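A.B. asks: task: produce atomic coordinates for the following.
(chains A and B)
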Amino acid sequence: MIMFDPHIHMNARTTDDYQAMRQAGIIAVLEPAFWPGQTRTHVGSVEDYFLMLLGWERFRASQFGIHHFCALGLNPKEANNGPLAEGVMALLPRYLAKDSVLALGEIGYDDQTADEDRLLAAQLEMAKGLGLPALVHTPHRDKVRGTRRTLDLVREVGLPDHLVLIDHNTEETLPLVLDRGCWAGHSIYPDTKMDEARMTALVKQYGAERIIVNSAADWGVSDPLKVPKTAAVMAASGIAATDIQRIVWDNPLAFFRQSGRLEGVVLEQPPMVDQRRLHQGNSVLRGQVPQVEAEKVA
Amino acid sequence: MEALSIIDAVLGRCPGAASALDDGSGSRARFLAAFASASRLLRRADLCLSGPEAEALRRAGLAAPETLTPADFLRARLLLSHLAELPAPDHAALVAELVQTGDNQERQAVLKCLMLLPDPFRFLDTAIDAVRAVVADTVAAVACDNDYPARFFPIEAFRAMVLKALHMGLPLGRVRGLEQRRDAEMTRMGNAYASEQRAAQRPVSPDFLLMTGERP
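C.D. replies: The predicted model follows:
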């Protein structure tokens, strides 16, 4: 089965992860812009990060047979840093126009402050203006209130519900999101957020429509194989293969296809690995023999 | 200032402190270098505050002076001396810069001693922003054993800090002024936390009862 991890921070992961993911059936990833684990102090570090998501990271993924796309946005945790936040907002129009950017994201609430309100609304407006989907993070703290507030803001701005993927859902937030007609992401984590068994129970209760799972793997304790692992637990618990296929491939693809930037792209065909290639003169190899695939069908 | 003389007395018992204070005076560059090097400049890692010293520091605004390290005291003293040489309008920027460019120990030292600084309300933005850290000890430097948030934080920021401390496993019993600033919204947030944890079949920290007021 081919799989799409629609929320993973690959620039914090190793080439071993890429290899294991490809082997487990993941042939496409979407990397939303994130924060680096501590506060950024200059907008220039955000701009270089954007360029890395568009350049080196995309190349790195291709070297292991994985399609790489990204979402760009002002991270919720950085929305309260005035000069940085305004600087990122000024960068966004230029960078959101790039081919491999399939959404605004991850945007959303952290502490649910007035600045976060204003900047989230402005970014939802940008998404609306560009006709781009929005990948919206829900806060770790006071999550139900933050989710309701997000859904209300989406309506206020007038971004169509079907262009919104609300992420990091739990038992308490999923029904709110589905009722509104948005897509519902779930981050399967080793300890926090959501786990495979709870996710399986949610699919049994709510079905597969507009349901998406991701690993949200980053620089912390997390697991880039959580999408295939969740698919395996769902299969073992009797969920139909067609439903699993919807959740791990069809749904994320359908959501991000709404960007209009995947026309003519056959994602089912993973990129052909050719490790002789270079990106700005740089290779992922460190003396190894380059792998070169002639043709590969997933 | 009574606190200053107590800190001087405490540092007087720390080998290395006198020369460190000397190293840190005279210029901004010397101050920043000594501030960063404080723990290396001191030749002992513990100190014993006398009862009257601790009491005097509590009166001066340090809620739990016994939790400060010798390097914290040295940094507080270096900062107080340097601020005294700067025009008041430059104070907030310096404190913000020390937190932004400091390592965790430097940051925590500044945050723990905010109440000792002149006109501490001027450092509110820095204190609120520090609570957004993911390093538990940095959040604790503001949230625990510190009168600053109860005194100066707007209620929204105070509630957000308490909830963050709860999620990070910091002891809410050490959040100063929690009971006095508890309101209906904080109670709702505490109950929402417990509900979410239960729905996910995760342990609920009993400290949430301090947000809801069901435990004194």
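A.B. asks: quick one: residues contacting the residue nearest to B:Ser39 when sequence neighbours are not counted.
C.D. replies: What sits nearest to B:Ser39 in space, not counting adjacent residues and going by Cβ to Cβ, 6 or more residues apart in numbering or on different chains, is B:Ala71, at 4.0 Å. Bear in mind the C-beta positions are built from the backbone N, C-alpha and C, glycine included. Contact analysis of B:Ala71 by Cβ atoms under 8 Å, 6 or more residues apart in numbering or on different chains lists B:Ala38, B:Ser39, B:Leu42, B:Gln105, B:Ala109.
A.B. asks: want to throw these into JSON lines with secondary structure, distance to A:Lys229 and pLDDT?
C.D. replies: Shown next, in JSON lines, are those (DSSP: H, G, I helix; E, B strand; the rest coil; distance: Cβ to Cβ, whole Å; pLDDT from 0 to 100):
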{"residue": "B:Ala38", "secondary structure": "helix", "distance to A:Lys229": "47", "pLDDT": "91"}
{"residue": "B:Ser39", "secondary structure": "helix", "distance to A:Lys229": "44", "pLDDT": "87"}
{"residue": "B:Leu42", "secondary structure": "coil", "distance to A:Lys229": "50", "pLDDT": "85"}
{"residue": "B:Gln105", "secondary structure": "helix", "distance to A:Lys229": "39", "pLDDT": "93"}
{"residue": "B:Ala109", "secondary structure": "helix", "distance to A:Lys229": "43", "pLDDT": "97"}
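A.B. asks: can you lay out these as TSV showing distance to A:Asn282 and neighbour count?
C.D. replies: What follows is the contacts of B:Ala71, written out as TSV (distance: Cβ to Cβ, whole Å; neighbours: other Cβ atoms under 10 Å in any protein chain shown):
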residue	distance to A:Asn282	neighbour count
B:Ala38	41	26
B:Ser39	39	18
B:Leu42	45	20
B:Gln105	37	17
B:Ala109	41	26
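A.B. asks: quick one: which of those residues is nearest chain A?
C.D. replies: B:Gln105 (14.8 Å; Cβ to the nearest Cβ).
A.B. asks: now do the contacts for the closest one.
C.D. replies: The contact partners of B:Gln105, taken as Cβ under 8 Å, 6+ apart, are B:Ala38, B:Ser39, B:Ala71.
A.B. asks: which bits of chain B sit near chain A?
C.D. replies: Where chain B comes near chain A, counting by Cβ under 8 Å from any Cβ of the partner chain, the residues are B:100-101, B:129, B:132-134, B:156, B:160, B:163-164, B:167, B:189, B:192-193, B:195-196, B:199-201.
A.B. asks: just the buried residues of those.
C.D. replies: B:129, B:132-133, B:160, B:163-164, B:167, B:189, B:192-193, B:195-196, B:200 (16 or more other Cβ atoms under 10 Å in any protein chain shown).
A.B. asks: adding secondary structure, write those residues out as JSON lines.
C.D. replies: Shown next, in JSON lines, are those (DSSP: H, G, I helix; E, B strand; the rest coil):
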{"residue": "B:Asp129", "secondary structure": "helix"}
{"residue": "B:Arg132", "secondary structure": "coil"}
{"residue": "B:Ala133", "secondary structure": "coil"}
{"residue": "B:Ala160", "secondary structure": "helix"}
{"residue": "B:Leu163", "secondary structure": "helix"}
{"residue": "B:Lys164", "secondary structure": "helix"}
{"residue": "B:His167", "secondary structure": "helix"}
{"residue": "B:Met189", "secondary structure": "helix"}
{"residue": "B:Ala192", "secondary structure": "helix"}
{"residue": "B:Tyr193", "secondary structure": "helix"}
{"residue": "B:Ser195", "secondary structure": "helix"}
{"residue": "B:Glu196", "secondary structure": "helix"}
{"residue": "B:Ala200", "secondary structure": "coil"}
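A.B. asks: looking at the residues you listed, spot the one nearest A:Ser259.
C.D. replies: B:Arg132 (31.0 Å; Cβ to Cβ).
A.B. asks: any idea how far chain B is from A:Gly220?
C.D. replies: Applying Cβ to the nearest Cβ, to the nearest Å, the value for A:Gly220 to chain B is 9 Å.
A.B. asks: picking that back up, now the buried ones among the residues of chain B next to chain A as a markdown table including pLDDT?
C.D. replies: Putting those into a markdown table (pLDDT from 0 to 100) gives the following:
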| residue | pLDDT |
| --- | --- |
| B:Asp129 | 94 |
| B:Arg132 | 92 |
| B:Ala133 | 90 |
| B:Ala160 | 97 |
| B:Leu163 | 97 |
| B:Lys164 | 96 |
| B:His167 | 94 |
| B:Met189 | 97 |
| B:Ala192 | 97 |
| B:Tyr193 | 96 |
| B:Ser195 | 96 |
| B:Glu196 | 94 |
| B:Ala200 | 90 |
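A.B. asks: return the member of those nearest to B:Asp46.
C.D. replies: Distances from B:Asp46 to these, taken by Cβ to Cβ, are shortest for B:Ala133, at 26.0 Å.
A.B. asks: if I pick that closest one, what's in contact with it?
C.D. replies: Contacts here follow Cβ under 8 Å, 6+ apart; on that basis B:Ala133 touches A:Gln38, A:Thr39, B:Arg107, B:Val139.
A.B. asks: so which strand or helix has residue 118?
C.D. replies: Answering for chain A, as no chain was given. helix A:114-130 (DSSP states H and E).
A.B. asks: if you could check chain B rather than the one you did, that'd help
C.D. replies: Counting by DSSP H and E, B:Pro118 is part of no helix or strand.
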